[in-house]
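Novice: Dropping a prediction and its sequence here:
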Amino acid sequence: MRSLLQFILRYSNFLVFMSLEVVAFLLIITYSDYPKSTVLTSANKLTAFHYQTWNNITEYFSLRRTNTILADENAFLRGRLSELEQLQAEHIADSVSKSLRNIHYMPARLIHLTTNEQHNYLTLNKGIHEGIRSGMGVRNSDGAVGIVCAVSEHYALVIPIIHTKMQLSCRLKKNDYIGTVHWDGRSCTYAQLEEIASHVHPEQGDTVVTSGLATAFPAGVPVGVVEKVELGDGDIYYTIRMRLVADFKRLNYVQVIDNELADEQHTLEKEWSGLSK
C-alpha cells in the first residue's frame with residue numbers, strides 16, 4: 001500500500017493530466033458532431049474489418065461442405081432436367097423414352113487423378129456402398145469424363161477419355177453421323193474423332209456428343225468440339241482433332257450416371273451373343 005501511495009504521489013501530476021485529457025476527449029466526441037462521427041466511423045471500420053476477416057476464415061474452412069451440397073444439388077437438377085427433356089420428347093419411341101426415364105445422377109468427388117500417362121485413371125470417393133457399379137458413365141458439368149471400370153466398398157476407379165485404350169461411341173450433333181472418340185496419348189486437352197467418312201463433311205466448330213448406343217451415357221452428352229479436319233488424297237475417313245469439353249486439369253466434382261436398365265440390356269445382349277455363335 002505504501003508503494004502504491006508513493007507511486008501516486010510521484011506521478012500525481014501526470015495522472016491528473018491524463019485524466020483531464022480523457023475527460024476532454026469524451027466531452028468532445030459527445031457534444032461535437034464531427035469528431036463524434038469520425039470516431040464512430042473508425043470504430044465501425046475496425047469492427048467491420050474484424051467481422052470480414054473472421055467471415056473469410058470460416059467460409060474457407062466450410063468450402064468442402066459447401067461444394068458437397070452444390071454437387072448434390074447439381075446432380076438432382078440434372079436429373080430433373082433429364083425428366084423435363086423426356087416430357088418434351090413425347091414423339092420418341094416408347095423404348096427410348098423408357099430408357100431415358102431410368103437414368104439418374106449420383107454426385108461424387110475426385111480424390112486422385114493422373115493426366116500425364118498413357119493409361120490415366122481417376123479415383124472417386126464413392127463405391128458399392130453408394131450404388132456405384134462398373135460400367136457406369138461419369139460426367140461433369142461440361143460433359144463426358146469416362147467410365148467406371150472397378151469398384152470397392154467406398155471407392156470407384158474410372159477410365160477417362162484420356163486413356164489410350166478408351167473408345168467412346170459418339171456422333172456429330174449437326175447430322176447424327178456416328179464415329180468413335182479415341183485418345184492418342186498426347187495432350188489431355190485433345191482427342192481424335194475417327195470413322196467419319198469422306199462424304200460427311202465435318203467442319204471446325206462442330207459439336208461432338210455421345211451417341212447413346214452404349215449404356216454408360218445417354219445420347220447427347222457433350223464430348224468435344226472439332227478443331228481440325230483433314231482428308232488426304234484417297235482417304236476414306238477424315239482425320240479429325242477435337243478439343244475435349246472436360247478440363248481434366250481442373251476436375252473436382254463429377255456425376256456418375258446410373259442407367260437402371262443397363263443390366264437388363266447387357267444380359268439380353270450376352271444371351272443373344274451366345275445364341276448367335
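Specialist: Arrived safely. Residues are numbered from 1 along each chain as shown.
Novice: Per the annotation, how does this structure divide into domains?
Specialist: In the domain annotation for the chain, the residue ranges read 2-61, 107-276 (automatic domain parsing).
Novice: so can I have CSV of these showing mean neighbour count?
Specialist: For the C-beta atoms, the positions are set from N, CA and C on the backbone; glycine is no exception. As requested, the domains of the chain are exported to CSV (neighbours: other CB atoms under 10 Å):
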stretch, mean neighbour count
domain 2-61, 10
domain 107-276, 17
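Novice: Which of these has the lowest mean pLDDT?
Specialist: Per-stretch mean pLDDT for the domains of the chain is lowest at domain 2-61 (a mean of 59).
Novice: Show me what Arg171 is bridged to.
Specialist: When bridges are called by DSSP bridges, Arg171 pairs up with Ile178, Val209.
Novice: Revised request: answer the last question for Leu113.
Specialist: Leu122.
Novice: Please enumerate the helices of this structure.
Specialist: Shown for the chain, the helices assigned by DSSP state H span residues 2-10, 12-31, 33-61, 63-88, 94-101, 262-276.
Novice: Pretty sure Thr123 sits against Ile159.
Specialist: No - checked against CB atoms under 8 Å, the pair Thr123 and Ile159 is beyond contact range at 11.5 Å.
Novice: beta partners of the closest residue to Val145 other than its chain neighbours?
Specialist: Spatially, and ignoring its direct neighbours in sequence, Val145 is nearest to Val138 (4.5 Å; CB to CB, 6 or more residues apart in numbering). Beta-bridge partners recorded for Val138 (DSSP bridges): Gly146, Val256.
Novice: Tell me which residues touch Val138, please.
Specialist: Counting by CB atoms under 8 Å, 6 or more residues apart in numbering, Val138 touches 108, 122, 124, 144-148, 158, 254-257.
Novice: can we see that at 7 Å?
Specialist: 145-148, 158, 254, 256 (CB atoms under 7 Å, 6 or more residues apart in numbering).
Novice: again with Ile111
Specialist: By CB under 7 Å, 6+ apart, Ile111 lies in contact with 123, 125.
Novice: can we see that at 8 Å?
Specialist: 123-125, 155.
Novice: Show me which pair in those residues is furthest apart.
Specialist: Using CB to CB, the contacts of Ile111 span at most 7.8 Å, a distance reached by Thr123 and Asn125.
Novice: and for the two, which residues touch both?
Specialist: Applying CB under 8 Å, 6+ apart, one finds that Thr123 and Asn125 are jointly contacted by 110-111, 155.
Novice: Of those residues, which is the nearest to Arg250?
Specialist: Distances from Arg250 to these, taken as CB to CB, are shortest for Leu110 (10.3 Å).
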